[in-house]
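# please find the sequence and the predicted model below.
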Number of protein chains: 2
Amino acid sequence: MPYLSKIASPTLLIDEKICRENLKRMSEKAKKHRMKLIPHFKTGQSKEIGKWARDYGVREITVSSVKMANYFSSDSWDNIHIAFPFNPLEANALDQLASNTRISVQLVNAEVTEILCNTLKNKVGFFIEIDAGYGRTGVEVSDFGTIEAILRKAKESSKLVFKGFYIHAGHTYYEKDISKIYEETRLALNMLKNKYRTEYPDLVTRLGDTPGCSTMDDFGDIDEMGPGNFVFYDLTQEHIGSCQKKDIAVALAAPVVDIKKDKRTILVHAGGVHLAKDVLIESDGSKNFGEVVILTENGWNIPESRSFVKSISQEHGIIQASDELLEKTKVGDLLGILPVHSCMTADCMRSYLSLAGQWIDHAEGH
Amino acid sequence: MPYLSKIASPTLLIDEKICRENLKRMSEKAKKHRMKLIPHFKTGQSKEIGKWARDYGVREITVSSVKMANYFSSDSWDNIHIAFPFNPLEANALDQLASNTRISVQLVNAEVTEILCNTLKNKVGFFIEIDAGYGRTGVEVSDFGTIEAILRKAKESSKLVFKGFYIHAGHTYYEKDISKIYEETRLALNMLKNKYRTEYPDLVTRLGDTPGCSTMDDFGDIDEMGPGNFVFYDLTQEHIGSCQKKDIAVALAAPVVDIKKDKRTILVHAGGVHLAKDVLIESDGSKNFGEVVILTENGWNIPESRSFVKSISQEHGIIQASDELLEKTKVGDLLGILPVHSCMTADCMRSYLSLAGQWIDHAEGH
């Protein structure tokens, strides 16, 4: 038991084989649709996992912040894209990073475009983020006033290079009809490409949500995809239908500290500081903060009878246990827990233990 | 502006003056009731804040795990109590720590007691955690079978020293009638003290929730209190009535990256990885992930018209803004956000910036 013997406290396990299968599958899907895969590394936040991704042809990556871009900047990526409406307080830090790394950013207004024009001494690419219905961020798809203002302002600097349009169709997480959302996304990006490609012949379009990239099979003429979560997947994605439970590549190893047979509960050291507090509401109204898997020498098995974390506080997780689990579990055991939202769990834990017993890096801090 | 000039990305601010006032107030309350204050440092997780606590007479502290106990072990506390049902996989690590630090743990079953009996070469105190109605952890108050089994087993080792009974009445967070919960808690601890003090004349009783410790004024003959959150407080505590907004000692400084005047929203770089995803449901059903304060040279002001984080994802926070805020805010500004659950926010951010522009430590990892 090379990895189990290393665990005495809550530890995030990663199954490299599953993770590589996820990378391979998405890479093949991108190739099939003649799209470039530029995965969002906010999920893994790991240089080592970045190395695995290279084996499947990944040469450009996506991150959330200048700090995260700095973390990956030593690894010779062809480009690092910061997929967050650019924070102008980091304009100098961006310029410094751009002096030795190819970087692109996301712009949603003319104010930040102007600040970058006035600051940059090094070349930085930019996408305009478009909101085609999600409503979180981006320029509304019909707001040509803002799109034109950004493009006009950017022309004042030779350092700001327009790359194209980006849509994160995050409403695929919440709405049943993903294909309708994707139709709107395709149409929006196609319209923008047609409108601007005379002036910008090299412009590309990109979309970036895991549910759509996993389940859709019509990407129209969209050029690039930037999903993040698919590298690990999680219970949220399984609920949506983006993956199966067997595709989830991370599980929290949680020590069992108490068992109440009469209540059919198992208390584990696995709280909000380990798993995060993302929750699924099941069809019967119950809350699900994670599902139990059985740890083995080589990884984990998904039990036939379901047991799940029914409540969580800062350090405590309470598992509603099946008969089977209750029967075979004792205080001092380790149980695996598949996370509801793997990006958040990884960000809480900030390191991974491989099934070969090796520690895998995760970026520190924000 | 010594501290504001240091901020370019999301940063957790701490107001030392407010924090010290919270420590002073709770310390005076404990003294008034002739109780010993043994604060739970899971909230601040900071050696520097520990130094501040000493100024108000704190000599013993509470933590959540062996790792956290190790973090504080160099600071010569009279005792460090690990207030979590002890994880037997850490028995050796505990024994090692106990060789140079006075430690106590919490026990809830005979199995773990036995493991400690067989492992410990150094003295470790223990509390029996009692569940008097919360239902999360602990031996049920009427379950004398388990209490006796723990005490009997502990007698097999000269290293395990019984200290007393501990109740975390966490249901004060959810139920309106805190005084009823406290009556039950007082009665439970009093009954246990009377039952066992002939055999254990030095036994003490302890309780540990911030809502009760902040608002109650009858602690009966309970000897010690171990609240945690009070050192910072947060919006949850303000909703319960444990504090006022002016007592909240931490605020996240969040960069403004976009403003949508028509929607009355402000997009900030402040997501679940910064604030955590704890949420308050307001009386009108809306979600509240944090409330806006106006940052000044000396700290922050609470505006008269309320603005709040209405939705959150991994990196994005969307503020529903008041007219006043919308009018004076521009892209590139910093806004302060009072957290819904300060323990979780601090655990996400893992460092603090003081208003004097000094970085304050927070323990790393779990």
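On my side now, so go ahead.

# hey, let's count contacts and neighbours off CA atoms from now on
OK.

# so which residue of the stretch 151-300 of chain A comes closest to chain B?
Going by CA to the nearest CA, chain B is nearest to residue A:257 of the stretch 151-300 of chain A, at 5.3 Å.

# can you show me the CA trace of stretch A:350-364 as CSV?
The C-alpha coordinates for stretch A:350-364 follow below in CSV (Å, rounded to 0.1, in the frame of the first residue of the first chain):
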residue,chain,number,x,y,z
ARG,A,350,-3.3,22.7,-2.4
SER,A,351,-1.5,19.4,-3.0
TYR,A,352,-2.3,16.0,-4.3
LEU,A,353,-1.0,12.5,-3.4
SER,A,354,-0.7,10.2,-6.4
LEU,A,355,-1.6,6.5,-6.2
ALA,A,356,2.1,5.8,-6.5
GLY,A,357,2.6,7.8,-3.3
GLN,A,358,4.2,10.9,-4.9
TRP,A,359,3.2,14.4,-3.9
ILE,A,360,1.9,16.5,-6.9
ASP,A,361,2.2,20.3,-6.8
HIS,A,362,-0.7,22.8,-6.6
ALA,A,363,-0.2,26.6,-6.8
GLU,A,364,-0.3,28.3,-3.4
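
# any residue of it up close to chain B?
Yes: applying CA under 8 Å from any CA of the partner chain, one finds stretch A:350-364 touching chain B at residue A:350.

# check what contacts that stretch and list those residues.
A:2-4, A:6, A:11-16, A:44-48, A:68, A:71, A:298-299, A:346-347, B:365 (CA atoms under 8 Å, 6 or more residues apart in numbering or on different chains).

# mind checking which of those land in helices?
In helices, judged by DSSP state H, the following of the contacts of stretch A:350-364 are found: A:16, A:47, A:48, A:68, A:71, A:346, A:347.

# now the fifth one: how far from residue A:201?
Residue A:71 sits 32 Å away from residue A:201, taking CA to CA, to the nearest Å as the criterion.

# between these two, point out the one with more neighbours.
Neighbours per residue, other CA atoms under 10 Å in any protein chain shown: of residue A:71 and residue A:201, the larger number sits with residue A:71, 17 against 12.

# tell me the contacts of that one?
residue A:363.

# most neighbours among the ones in helices among the contacts of stretch A:350-364, which one?
residue A:346 (28 neighbours).

# that one touches residue A:43, doesn't it?
Yes: at 7.2 Å, residue A:346 and residue A:43 qualify as touching, with contact defined as CA atoms under 8 Å.

# if we can go back for a sec, just put the ones in helices among the contacts of stretch A:350-364 in a markdown table and tack on pLDDT.
A markdown table is the format used below for the ones in helices among the contacts of stretch A:350-364 (pLDDT from 0 to 100):
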| residue | pLDDT |
| --- | --- |
| A:16 | 98 |
| A:47 | 98 |
| A:48 | 98 |
| A:68 | 97 |
| A:71 | 97 |
| A:346 | 98 |
| A:347 | 97 |
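
# now flag whichever of those is closest to chain B.
Nearest to chain B among the ones in helices among the contacts of stretch A:350-364 is residue A:347, at 6.9 Å by CA to the nearest CA.

# secondary structure element for the closest residue to that closest one other than its chain neighbours?
Excluding its sequence neighbours, the residue lying closest to residue A:347 (CA to CA, 6 or more residues apart in numbering or on different chains) is residue B:273, at 6.9 Å. Element membership of residue B:273, judged by DSSP states H and E, is helix B:272-275.

# cool, thanks, talk later.
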